[in-house]
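Q: Provided below are the primary sequence and the corresponding predicted coordinates.
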Number of protein chains: 2
Amino acid sequence: MRATVLHGERDVRFEDVPEPAILKPTDAIIRLSATCICGSDLWPYRGLNDIRGPLHMGHEYCGVVVEVGSAVTSVSPGEFVVGSFCLSDNTCPHCRFGFQSSCVQREFMTGAQAPFARVPLADGTLVALPAHPADDLIPSLLAASDVLGTGWYAADAARVRPGATAVVVGDGAVGLMGVLAARQLGAERIIAMSRHKTRQDLALEYGATDIVVERGEAGVARIKEMTRGVGADSVLECVGTAESMQQAVGVTRPGGMIGYVGVPHGVQFEGSKLFGAQIGMLGGPAPVRRFLPHLLDLIVQRKIDPGKVFDLALPIADVAEGYRAMDERRAIKVLLRP
Amino acid sequence: MRATVLHGERDVRFEDVPEPAILKPTDAIIRLSATCICGSDLWPYRGLNDIRGPLHMGHEYCGVVVEVGSAVTSVSPGEFVVGSFCLSDNTCPHCRFGFQSSCVQREFMTGAQAPFARVPLADGTLVALPAHPADDLIPSLLAASDVLGTGWYAADAARVRPGATAVVVGDGAVGLMGVLAARQLGAERIIAMSRHKTRQDLALEYGATDIVVERGEAGVARIKEMTRGVGADSVLECVGTAESMQQAVGVTRPGGMIGYVGVPHGVQFEGSKLFGAQIGMLGGPAPVRRFLPHLLDLIVQRKIDPGKVFDLALPIADVAEGYRAMDERRAIKVLLRP
């Protein structure tokens, strides 16, 4: 089959690779209904991560099981499944505590920008739908695999409660999903920080009540003013830079929580500053598996429409154009059809 | 009257000072039933904080109201009151959110190592008992003013839940109160890190189930082993050094919370490390006022006995000896009788 391989900076190819096969009894092979490009794929694409040898790209996926290993009992060939980008056994103490992204057997999914993919730890990772979904639900189900689950975790970690004031830092796909999650969790006021018209529009559609275009100190000052000097109960940090984290810290009220899901790059915290400001924090790779059953329910019942976050859909053979579109910020998130 | 004044490094004197007076209509004057020396008083005593001019020491207090300003309505002369070391109006948005230690009018109590003291923001700060307490309850009521409330906040911020495994880093008075709080909040396993026999004994009396004498990496390894590699749900950091915080981070399970109440000295957090370990954190000066009514209830009903943390009681005229005893770790905490 042909699949997506990154060979070096901005050198992404759709080329012949071996078909995936069951390597362990706990594996499953799925035929992808759709896959997509993640903001985090841009780090190696831009040469910001070291690349040692060709990388089989893609960690977001949904589709139909075609084969399972001998130990797999919870999913069967023919079933439609969604799984997290974090592979987990869902039975270890960390999984049972709801932090499947720290599973003792954790692996990260790879090779999903392809027509077929191997999913290790299938029993703990995959959630099967009761029936095959309508085609128009595929983008939303795909979003659940990472960006929706990650935005949801940001809101959960930031302890969004009914009536809360939430701030979302970052207007990428995860930030927009954070807006959706904050709304679902009952936030009364949701302030999205964004300076891009299309993203602002989507944020408003997902439930944002206010848009702040200012950044840095001006953005912090604006939000302080909007909250009468108090700050926000819950802040979703969905970028991961030192600057975005500074914004998050600046707008959080004493006793408020920051849920941070942007992988930190060069972020340092000064203990005495966090102490004085009484800011709570919880972050990390999202335990998407914890939320998946609930999220899939919401999608199948058409209560949420996270799939709108895909504003460009391409045949997977055009994956290189998809990377370019995201790199140049012409697209929020690119869906690939195998 | 004579009261406690710090003039320089290790130069603490009990000397003539003006009697406190109502300066603002929101003030109250109390006659102290007892006061005490705090671990944090040792920072300036040891010359580790800059001292500009004589300091009127003491921020822990309980006693009888002798006079109130014209605006005070919730306490009256003759009532027995306890207040927090943080003075707060208890009406601003931060107070109503339960973070009175970030009150927009916040001040810190001073001058309480004395027979009489002025308490600003009396309505928001003081809690009156329904009747004068028995004498033997005074030490416990005094403890509620800071160390008990601070240990309780550490357990609350670390989200100790029934059945939880909690680790307490630090065997000073606050750490011991953290053990008591974790027990009251239903922790099933409470691991106290301590290498001093008398403190270990008190920790066990307050509800610790395990004592770990190792420190640093050895301490972390020991606790990891005791928790089958999982780590603790809740960690109470009651010291504030880089070393103690490293221990706290090392023993917290993914998704667990650190409640930190030791004022951080030289503590830095690396964002990517906290992210990868999925460690939650909330700290700061304790909003003791939030917990005071509940704590006073528990004390008056004799359900807890935090006063045992005072292992030396002196006439206040001997306050200099009290500082020496705490400085040399001959005493956990010194109570002063005016």
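A: Cool, the structure landed.
Q: for residue A:45, what are its contacts?
A: A:6, A:9, A:10, A:12, A:323, A:327 (Cβ atoms under 8 Å, 6 or more residues apart in numbering or on different chains). The way it works is simple: take the backbone N, C-alpha and C, and place the C-beta from them, glycine included.
Q: and of the residues you listed, the nearest to residue A:102?
A: When the contacts of residue A:45 are compared for distance to residue A:102 (Cβ to Cβ), residue A:6 wins out at 26.6 Å.
Q: I figured the closest one hits residue A:58, correct?
A: No: Residue A:6 is beyond contact range of residue A:58, at 10.1 Å (criterion: Cβ atoms under 8 Å).
Q: higher neighbour count, those two?
A: Shown here are residue A:6 and residue A:58; by other Cβ atoms under 10 Å in any protein chain shown, residue A:58 has more neighbours (25 against 20).
Q: show me just the buried residues among the contacts of residue A:45.
A: Buried subset of those (neighbour count, 16 or more other Cβ atoms under 10 Å in any protein chain shown): A:6, A:12, A:323, A:327.
Q: spit out the contact partners of the residue nearest in space to the middle of chain A.
A: Nearest to the geometric centre of chain A sits residue A:147, at 2.2 Å (Cα atoms, centre = their mean). By Cβ under 8 Å, 6+ apart, residue A:147 lies in contact with A:38, A:60, A:173, A:174, A:177, A:306, A:309, A:333.
Q: ok so, going back, can you narrow the contacts of residue A:45 to ones near chain B?
A: By Cβ under 8 Å from any Cβ of the partner chain, no member of the contacts of residue A:45 lies near chain B.
Q: looking at the residues you listed, which are in strands?
A: Within the contacts of residue A:45, residues falling in strands by DSSP state E are A:6, A:12.
Q: reformat the contacts of residue A:45 into TSV and put pLDDT next to each item.
A: Shown next, in TSV, are these (pLDDT from 0 to 100):
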residue	pLDDT
A:6	97
A:9	94
A:10	95
A:12	97
A:323	98
A:327	96
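Q: which of the contacts of residue A:45 sits closest to residue B:250?
A: When the contacts of residue A:45 are compared for distance to residue B:250 (Cβ to Cβ), residue A:6 wins out at 35.3 Å.
Q: run a quick neighbour tally on residue A:268.
A: By the criterion of other Cβ under 10 Å, residue A:268 has 12 neighbours.
Q: now it: how far from chain B?
A: From residue A:268 over to chain B the distance is 6 Å, taken as Cβ to the nearest Cβ, to the nearest Å.
Q: residues in contact with the closest residue in space to residue A:19 that isn't next to it in sequence?
A: Spatially, and ignoring its direct neighbours in sequence, residue A:19 is nearest to residue A:1 (5.3 Å; Cβ to Cβ, 6 or more residues apart in numbering or on different chains). Contact analysis of residue A:1 by Cβ under 8 Å, 6+ apart lists A:16, A:17, A:19, A:114, A:115, A:116.
Q: could you measure from the second one over to residue B:111?
A: Counting by Cβ to Cβ, to the nearest Å, the gap from residue A:17 to residue B:111 is 75 Å.
Q: with residue A:221 instead?
A: Going from residue A:221 to residue B:111 by Cβ to Cβ gives 37 Å.
Q: of those two, who's got more company?
A: Neighbour totals were compared for residue A:221 and residue B:111, and residue B:111 leads with 21 against 13 (other Cβ under 10 Å).
Q: burial measure for the closest residue to that one other than its chain neighbours, as a count.
A: Nearest non-adjacent residue to residue B:111, counting by Cβ to Cβ, 6+ apart: residue B:56, 3.9 Å away. Burial of residue B:56 is recorded as 16 neighbouring residues (other Cβ under 10 Å).
Q: hmm, residue B:56 is touching residue B:110, no?
A: Yes: judged on Cβ under 8 Å, residue B:56 makes contact with residue B:110 at a distance of 5.3 Å.
Q: then stretch A:159-177 to PDB, C-alphas only?
A: Taking Å, rounded to 0.1, in the frame of the first residue of the first chain, the C-alpha atoms of stretch A:159-177 are listed here in PDB:
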ATOM      1  CA  ARG A 159     -12.100  22.100  36.200                       C
ATOM      2  CA  VAL A 160     -14.700  23.900  34.100                       C
ATOM      3  CA  ARG A 161     -17.900  23.800  36.100                       C
ATOM      4  CA  PRO A 162     -21.400  25.000  35.400                       C
ATOM      5  CA  GLY A 163     -21.500  28.800  35.500                       C
ATOM      6  CA  ALA A 164     -17.700  29.100  35.200                       C
ATOM      7  CA  THR A 165     -15.800  31.700  33.300                       C
ATOM      8  CA  ALA A 166     -13.300  30.000  31.000                       C
ATOM      9  CA  VAL A 167     -10.500  31.400  28.800                       C
ATOM     10  CA  VAL A 168      -9.100  29.400  25.900                       C
ATOM     11  CA  VAL A 169      -5.600  30.300  24.900                       C
ATOM     12  CA  GLY A 170      -4.900  29.100  21.300                       C
ATOM     13  CA  ASP A 171      -7.300  29.100  18.300                       C
ATOM     14  CA  GLY A 172      -5.900  25.900  16.700                       C
ATOM     15  CA  ALA A 173      -8.100  22.800  16.400                       C
ATOM     16  CA  VAL A 174      -7.400  21.800  20.000                       C
ATOM     17  CA  GLY A 175      -8.300  25.300  21.300                       C
ATOM     18  CA  LEU A 176     -11.600  25.300  19.300                       C
ATOM     19  CA  MET A 177     -12.400  21.900  20.700                       C
END
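Q: buried sites along it?
A: A:159-160, A:164-177.
Q: get me the contact residues on the stretch 1-150 of chain A for chain B.
A: With Cβ under 8 Å from any Cβ as the criterion, the stretch 1-150 of chain A meets chain B at residues A:93, A:94, A:97, A:98, A:99, A:101, A:102, A:104.
Q: farthest pair within those?
A: Maximum distance among the residues of the stretch 1-150 of chain A next to chain B (Cβ to Cβ): 14.5 Å, for A:98 and A:104.
Q: what about the strands in the stretch 1-150 of chain A?
A: A:2-8, A:11-16, A:28-36, A:55-56, A:61-68, A:80-83, A:86-87, A:107-108, A:116-119, A:126-128 (DSSP state E, counting those that start in this stretch).
Q: now do the third one: which elements does it pack against?
A: Going back to what we said before, that points to strand A:28-36. strand A:61-68, strand A:80-83, strand A:116-119, helix A:138-144, strand A:334-337 (3 or more Cβ pairs under 8 Å, 6 or more residues apart in numbering or on different chains; DSSP states H and E).
Q: got the buried residues for the longest one?
A: Of the residues in strand A:61-68, those scored as buried under the neighbour-count criterion (16+ other Cβ under 10 Å) are A:61, A:62, A:63, A:65, A:67, A:68.
Q: re the thing from before, now, the contacts of residue A:147 that are in helices?
A: Applying DSSP state H to the contacts of residue A:147, the entries found in helices are A:173, A:174, A:177.
Q: how about a markdown table for the residues you listed, with distance to residue A:89 and pLDDT added?
A: Formatted as a markdown table, those follow (distance: Cβ to Cβ, whole Å; pLDDT from 0 to 100):
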| residue | distance to residue A:89 | pLDDT |
| --- | --- | --- |
| A:173 | 28 | 97 |
| A:174 | 25 | 97 |
| A:177 | 26 | 98 |
